[in-house]
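S.K.: Give me coordinates for this.
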Amino acid sequence: MFFYLQHTDNQSKARAGEIHTEHGIIQTPIFMPVGTAGTVKAVHQRELIEEIGAQIILSNTYHLYLRPGTFVIEKAGGLHCFNGWNRPILTDSGGYQVFSLAENRKITEEGVIFKSHIDGSKHIFTPENIIDIQRSIGADIIMAFDECPPYPSEYGYAKKSMELTHRWLTRCIHQFDNTTSRYSHRQVLFPIVQGSTYKDLRKCAAEWIASLNREGNAIGGLSVGEPPEKMYEITALVCEILPENKPRYLMGVGTPANILECIALGVDMFDCVMPTRNARNGMLFTTQGIINIRNAKWATDFSPIDESLGGYVSTHYTKAYLRHLIHSKEILGAQIASIQNLTFYLWLVRQARQHILQGDFMAWKNAILPQIMQRL
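M.R.: Numbering: from 1, shown residues only. All right, here's what the predicted structure looks like:
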């Protein structure tokens, strides 16, 4: 894998580039639809490619390890063969999922002992077996095992957590560099910068991770409850330190506004469950603003969902019909809404990329943000 930086905006830190993998080229900035269990909920692979324009999807090590299990995925020939997705895949190491299991896990120097949310069975994740599991899954980009501290965290806890993450990262790198891919394509490992909202910890983590010279780097532990201003402050600090010639991935972020603001700070890659999760609850992101399709005002609105966005789903179905489907709990409603929101997110990052290359990114961002974030 290599990263080709094409252009940097002259009024911000926004970048346009390309990540080259053996499963295809990813044009950045990019949003990765979240396919936690190997599938983006309610969306076919064909729609991801032809309608939404997804170039890479994210799946999760924790969920795939528990179900269907690495034995099944290996027998299928890796996740690409198992789910029929022939483009790049990134796997999150499971650190965040373990963090969210606060009542059912114990963190030790060796790793994390946890109980399955499915059947209560006991398991352990270590830096070494997390690498082995991700080797079995076969994603193009795999993440180091980290601890994601909660917000807020006391300084002492955040420092110990960061130091533990660094010791785990050393073990991840050793295991990764002494093993090979189980399949025909090459895999790369991204370290994760932690440190909660403390600038000195983030600076220490970013400097050390930058010195490791891996193919790309991630920023974790944000979008966990901190104010947006704090997220932007920490992101700006870390992006100033992480190398320019490597992609920067901000994990778990976020709203359309979060994404545009963090693109301006120098981030290249994003993922978030928001577009699909909110879709299933009737919240739509459109080029004109945010719609709660459950509201009565849409009951007799027979205009297309988002004519300006284009695409079959956005222009073929009406707001009234989608409202009916969502209220009726029809599966098609979740499918239409999910496709709409993901199409919007991918459109947004493509527009950002285009305006970075044109040299007017900041003017475009400042003009479009009030429009797309208004409540209709």
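S.K.: pLDDT wise, what is residue 117 at?
M.R.: With respect to pLDDT, residue 117 scores 88.
S.K.: Checking it next. Helix, strand or coil?
M.R.: coil (DSSP: H, G, I helix; E, B strand; the rest coil).
S.K.: can you pull the contacts of it?
M.R.: Applying Cβ atoms under 8 Å, 6 or more residues apart in numbering, we find residue 117 in contact with 66, 101, 104. (C-beta placed from N, C-alpha, C; glycine too.)
S.K.: The residues you listed, buried ones only, as a PyMOL selection?
M.R.: Of these, the buried ones go into a single PyMOL selection, burial set by 16 or more other Cβ atoms under 10 Å:
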select buried, resi 66+101
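S.K.: in this protein, which helix or strand is least confident?
M.R.: Scoring the helices and strands of the chain by mean pLDDT, DSSP states H and E places helix 95-100 at the bottom, with a mean of 74.
S.K.: List the residues that contact the residue most central in space within the chain.
M.R.: For the chain, the residue nearest the mean C-alpha position is residue 271 (1.9 Å; Cα atoms, centre = their mean). By Cβ under 8 Å, 6+ apart, the contact set of residue 271 is 31-34, 58, 90, 92, 251-253.
S.K.: Just name the closest of these to residue 356, please.
M.R.: Taking Cβ to Cβ as the measure, residue 356 sits nearest to residue 31 out of the contacts of residue 271, at 14.8 Å.
S.K.: how about the closest one, secondary structure?
M.R.: strand.
S.K.: isn't it right up against residue 259?
M.R.: Yes: under the criterion of Cβ atoms under 8 Å, residue 31 makes contact with residue 259 at 6.8 Å.
S.K.: TSV please, covering the contacts of residue 117 and showing pLDDT.
M.R.: Formatted as TSV, the contacts of residue 117 follow (pLDDT from 0 to 100):
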residue	pLDDT
66	96
101	73
104	79
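S.K.: what about residue 122, neighbour count?
M.R.: 9 (other Cβ atoms under 10 Å).
S.K.: overlap in contacts of residue 31 and residue 259?
M.R.: What both residue 31 and residue 259 touch, as defined by Cβ under 8 Å, 6+ apart, is the set 270, 345, 348-349.
S.K.: now, which of those sits nearest residue 180?
M.R.: Nearest member of those to residue 180, counting by Cβ to Cβ, is residue 270, at 29.6 Å.
S.K.: still on that earlier bit, in the least confident helix or strand of the chain, what's buried?
M.R.: 95-99.
S.K.: what's the answer for stretch 33-47, then?
M.R.: Buried, per 16+ other Cβ under 10 Å, within stretch 33-47: 33-36, 38-43, 45, 47.
S.K.: Flag every buried residue along stretch 72-91.
M.R.: For stretch 72-91, by 16+ other Cβ under 10 Å, it's 73-74, 78-80, 82-83, 85, 87-91.
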